[in-house]
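Q: got a predicted structure here, sequence first:
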Amino acid sequence: MFLLYCGPVVLRNFLSPCLYKHFLILFCASTILSNQELCNSHHAYAGALSASFVQGILELYGKSELVYNVHCLLHLAADAARFGCLENFSAYPFENKLKDIKRLVRKPNLPLQQVACRLAEQDQCIRSSVPQNVTERFIFHGEHHTGPIPTNMKNQKQFMKVSLPKMLLSVNHCDSCVLLSDKSVALVRNIVQVEGSAVIVFSKFDTVSDFFDYPLPSSSLSIFRVSDLNNKYFYCNIKNIATKCVILPDTDDHATFVVFPLLHL
């Protein structure tokens, strides 16, 4: 959370410009390697950034800080080129999974085989119980009648939330920020069910600019500074959403926000 989202905003006013730029090198490398599309096309560039960050550790913090964990950064890009984005081989999912794995072991001999067999059985049960078309379904929550709604859709049902296979959208602030396919940054104001699909009613920010320009323009990573929320309402099919976003208040100006795309959708 800190490395991929909060860090660039939080540290902006607490680090010297030199140290802040050094952190941005790590942030950009990590962001590229955490996004499957960017990882496929720019893992070599991320590797160069990682090498630059490690060199900066030596110059800015001293040789004593070149510990093993820092050295491992030099190999991340090569691992990502082989296995895909960092999410594919991250150990984080197992942090809270260990207790469940231990419960699968019922006797002292052949523990690995026991775990593998029980996990395979669970996976088979899950696959057989999920409908084949589940990825095409929208699940709506919180029906209401308060709008806003386009005039040509007044007879359609309105909802507060909609669940997609890997994403929840809501009119609540924490789940409402999205990046549209035309690079507009929008806040969802209403969700309308239309013929088995969904239409979002949204407001969008009129001013969209780069949040940083080193070591590359933040817009290259779909990260923007936004302001001037338009009071007008627009609408589009939910398929026009490129990704859900994290929106954080800018520490320099509380009328301005910084938007980061969610990387693991």
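A: All right, it came through fine.

Q: alpha carbons only for contacts and neighbour counts from here, please
A: Fine.

Q: longest helix of the chain?
A: Criterion DSSP state H: the longest helix present in the chain is helix 36-61.

Q: so what's the gap between the helix or strand hosting Lys102 and the chain middle?
A: Here Lys102, judged by DSSP states H and E, is contained in helix 98-103. Centroid separation between helix 98-103 and its chain, computed with Cα atoms, centre = their mean, to the nearest Å, is 28 Å.

Q: in it, what's buried?
A: Residues of helix 98-103 classed as buried under the neighbour-count rule (16 or more other Cα atoms under 10 Å) are Ile101.

Q: Asn230 touches Thr207, doesn't it?
A: No. Using Cα atoms under 8 Å, Asn230 is not in contact with Thr207; the gap is 9.4 Å.

Q: which of the residues in the longest helix of the chain are buried?
A: So helix 36-61, judged by 16+ other Cα under 10 Å, has buried residues 36, 38-40, 42-47, 49-51, 53-54, 56-57.

Q: got it, and stretch 208-224?
A: Val208, Asp210, Phe211, Phe212, Ser218, Ser219, Leu221, Ser222, Ile223, Phe224.

Q: how about stretch 180-200?
A: Quick answer for stretch 180-200 (16+ other Cα under 10 Å): 180, 184-193, 198-200.

Q: for the record, mean pLDDT for it?
A: For stretch 180-200, mean pLDDT rounds to 94.

Q: list the contacts of that stretch.
A: The contact list for stretch 180-200, computed with Cα atoms under 8 Å, 6 or more residues apart in numbering, reads 138, 140, 147-149, 156-162, 169-171, 173, 176-179, 201-205, 208, 226, 235-238, 240-243.

Q: mind saving the C-alpha coords of it as CSV?
A: Provided in CSV are the C-alpha atoms of stretch 180-200 (Å, rounded to 0.1, in the frame of the first residue of the first chain):
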residue,chain,number,x,y,z
LEU,A,180,-12.2,5.7,-18.4
SER,A,181,-10.9,4.3,-21.7
ASP,A,182,-10.5,7.9,-23.0
LYS,A,183,-8.2,8.7,-19.9
SER,A,184,-10.9,10.8,-18.2
VAL,A,185,-10.9,10.5,-14.4
ALA,A,186,-14.4,10.1,-13.0
LEU,A,187,-16.3,9.6,-9.8
VAL,A,188,-19.3,7.2,-10.0
ARG,A,189,-22.6,8.9,-9.0
ASN,A,190,-25.1,6.3,-9.9
ILE,A,191,-25.3,2.8,-11.3
VAL,A,192,-28.1,1.8,-13.7
GLN,A,193,-29.0,-1.7,-14.7
VAL,A,194,-29.7,-1.9,-18.5
GLU,A,195,-30.5,-5.1,-20.3
GLY,A,196,-28.2,-7.4,-18.3
SER,A,197,-25.3,-4.9,-18.3
ALA,A,198,-24.7,-1.7,-16.4
VAL,A,199,-24.4,2.0,-17.1
ILE,A,200,-22.5,4.3,-14.8
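
Q: what about the strands in the stretch 51-200 of the chain?
A: 139-144, 158-164, 167-170, 177-180, 185-194, 197-210 (DSSP state E, counting those that start in this stretch).

Q: Val115 and Arg106 touch, don't they?
A: No. Look at Val115 against Arg106 with Cα under 8 Å: they stay out of range, at 9.5 Å.

Q: so for the helix holding Lys102, what's the average pLDDT?
A: 87.

Q: output that helix as PDB, nothing but the C-alphas.
A: What follows is helix 98-103 as a C-alpha-only set of coordinates in PDB (Å, rounded to 0.1, in the frame of the first residue of the first chain):
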ATOM      1  CA  LEU A  98      -0.300 -20.600   6.600                       C
ATOM      2  CA  LYS A  99      -2.800 -21.500   9.300                       C
ATOM      3  CA  ASP A 100      -5.200 -22.900   6.700                       C
ATOM      4  CA  ILE A 101      -2.400 -25.000   5.100                       C
ATOM      5  CA  LYS A 102      -1.400 -26.400   8.500                       C
ATOM      6  CA  ARG A 103      -5.000 -27.600   9.000                       C
END
